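**Q** Here's my sequence, what's the structure:
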Amino acid sequence: MIQVSLKGEPREFESGITVAEVAKSIGMGLYKAACAGKLNGKVVDLRTPLTEDCELEILTFDQVDGKRAYWHTTSHIMAQAVQHLFPDAKFAIGPAIDNGFYYDFDLPRTLTPEDLTAIETEMKKIIKEDIPLKRVEMSAQDALKLMKDLHQDYKVELIEEHSGKGEKITFYKQGDYIDLCAGPHLLSTGKVKAVKLTNCTGAYWRADAKNKMLQRVYGISFPKSADLDTYVKMLEEAKKRDHRKLGKELELFTIMDEGPGFPFFLPKGMILKNLLLDYWREVHKKAGYQEISTPVILSRKLWERSGHWAHYKNNMYTTVIDNEDYAIKPMNCPGGMLVYKTKMRSYKDLPLRMGEIGLVHRHELSGALHGLMRVRCFNQDDAHIFMTPDQMKDEIKGVVRLIDSVYKTFGFPYHIELSTMPEDHMGDKATWDNATNVLREAITELGYDYDINEGDGAFYGPKLDFHLQDCLGRTWQCGTIQLDFQLPERFELEYTGADGQKHRPIMIHRVVFGSVERFIGILTEHFAGAFPMWLSPVQVQILPISERHHDYCEKLQKELEDAGLRVESDMRNEKIGYKIREAQLQKTPYMLVIGDKEVESGEISVRHRKEGDLGTMAVKDFIARAQKEVADKKLD
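**A** Sure thing, here's the model as predicted:
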């Protein structure tokens, strides 16, 4: 017998019982909803046998890892459907992602919308057949033979990378389809209830432009049809809110053929961008940060010292100056190191908080570019905190509180992930464990819940990632706090301690917006372009009914501008109804309609973009209302 702890409650089972059988012993409802298990903190397949005392959690679709198993299984169902319709298909990879799944295929022809419909129909047949998924292990030699016999060249390449490690190779089989995969998966195809294919794009094998372009099919699935319907409606709403569409309509930004991935900000977009940067400077000044600026191009020697040349070179743009290699910075950190070293530091100077809104450049594949969400150059609102060991926890807490206050200003709820040591890392495990524990203790003491993201830390240290949620329920990873013991060592940073001896500082890397450009894209979609009053590029539109009201409107515009408001007047010879509709389309918070009555009384007729007609009011009362709305950073 073994003891299995389920939510802290120990139960006895026969050794060899599977995760699925444990779920069934608790109740058929849980068994039917089970997607995977978490065994001693590790996500495992429902088929996994339990052979010793352990802690176990049954994962359902309501949990992130449960969703991933559900969507991963659906990707295999899609691959099986493609095999039925395209027998010569070659299969690359098909993982679960944050919102569904995809699979990359090498096919004899380009897929059409009609093909996606046919694949979806075939998937529903496979789901209805309720085919069991079976886990199969074999030697690398047998695995290679199987995939070669099936002419699956991409799987052969993946197996060959592991064939020298002596590991067993794992497959999952469902009916006439077998796929190289580590799992975990649902027990059968019938566990998937509602499915929809959403898109098809091109994708290079292994994200390398030197390799063949494959066809990537995206999809989503849910345990209930109602959930799928809700998701489809969300997609339709997301199309209306697409920041690329709104960016053009509201004259915020554009991306031109002359600079793919390099956004051009237009005058109204620059107002929005500068308002965000002014706000950033305001909150950081209050939090004790000093602002610096470091060069965009720095010597290869610096990037070798920082480790970026070895770990990040493929994403960096390089150049040659005076016969020496230089790189355009993809990150601000190494420049911050050099600023720290400009003079000797004392423990009395620490913590030293240095912020930088730095322009960075990163090489992204053309297929990955997406408006402001994925670009090749962007402003990163970086800050680096240098501190003593005993200051670590308090500084982490301070950053968490700052990020919390900023996200609340924009009305974003969020959740936190703790990302641990990746395979490709610098430093020893003991140092990593210590850094990870400090991050864990800091957020626990603040009362925050968090998820563990195993192996997704930066190469120089563990991190906390902040995933904000927009009004459509989509999540975006923006803020991050990265604890770093490595770069201060590589750059030989020092401070003089209270004992008069030289010590190595510890460092925090952190951002709040992440990419300022991407944050603008998120804000645009979150507010559907109807930015809060304080962020609106144009806060007030003055709309004269006829030409004889223009003089009064010009005086009114000056009075409002002198009060600090951003104002435009529509002096076109158009009907007032047309002008109001145009101002509504531009998402202007306030419209002031001026006719004979307003000129005579000296008052204004006020319309709000959401509340409609607010009636007439004195100019000074409107100014007071508008100024308070701006000062309070009020959300509509």
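**Q** which residues touch stretch 91-103?
**A** 67-72, 74-76, 78-79, 82-83, 104-106, 152, 154-155, 179, 198, 205, 214, 216-221, 474-475 (CB atoms under 8 Å, 6 or more residues apart in numbering). C-betas here are computed from N, CA, C, even on glycine.
**Q** which among those residues end up buried?
**A** 67-72, 74-76, 78-79, 82-83, 104-106, 152, 154-155, 179, 205, 214, 216-221, 474-475 (16 or more other CB atoms under 10 Å).
**Q** Least confident secondary structure element in the protein?
**A** helix 308-311 (a mean of 84; mean pLDDT, DSSP states H and E).
**Q** Against which helices or strands is that one packed?
**A** helix 300-306 (3 or more CB pairs under 8 Å, 6 or more residues apart in numbering; DSSP states H and E).
**Q** pull the CA atoms of the helix it packs on into CSV?
**A** Only the C-alpha atoms of helix 300-306 are listed here, as CSV (Å, rounded to 0.1, in the frame of the first residue of the first chain):
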residue,chain,number,x,y,z
ARG,A,300,31.0,43.3,-28.9
LYS,A,301,33.4,42.9,-25.9
LEU,A,302,30.7,44.2,-23.6
TRP,A,303,28.1,41.7,-25.0
GLU,A,304,30.6,38.9,-24.6
ARG,A,305,31.2,39.9,-21.0
SER,A,306,27.5,40.1,-20.3
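**Q** If we go by neighbour counts, what in it is buried?
**A** In helix 300-306, counting by 16+ other CB under 10 Å, buried: 300, 302-303, 305-306.
**Q** need the residues you listed in TSV with pLDDT, can you?
**A** As requested, the buried residues of helix 300-306 are arranged in TSV below (pLDDT from 0 to 100):
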residue	pLDDT
300	95
302	94
303	93
305	91
306	88
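**Q** wait, what's in contact with residue 20?
**A** 31, 34, 46-47, 187.
**Q** did I read that right, it in a strand?
**A** No - assessed with DSSP: H, G, I helix; E, B strand; the rest coil, residue 20 is helix; it does not lie in a strand.
**Q** Can you give me the distance of it to residue 191?
**A** Note on residue 20: its distance to residue 191, by CB to CB, to the nearest Å, is 11 Å.
**Q** Also residue 137?
**A** Distance from residue 137 to residue 191, by CB to CB: 22 Å.
**Q** neighbour count winner among the two?
**A** residue 191 (23 against 11; other CB atoms under 10 Å).
**Q** pLDDT score for that one?
**A** Note on residue 191: pLDDT of 95.
**Q** Give me the phi and psi for it.
**A** phi -70, psi -20 (degrees, to the nearest 10).
**Q** wait, isn't it in contact with residue 73?
**A** Yes - here residue 191 reaches residue 73: they are 7.2 Å apart, a contact under CB atoms under 8 Å.
**Q** circling back to that earlier point, so which of the buried ones among the contacts of stretch 91-103 belong to helices?
**A** 67-72, 74-76, 78-79, 82-83, 154-155 (DSSP state H).
**Q** Closest to residue 622 out of those?
**A** residue 67 (48.9 Å; CB to CB).
**Q** what sits against that closest one?
**A** By CB under 8 Å, 6+ apart, the neighbours of residue 67 are 35, 61, 96.
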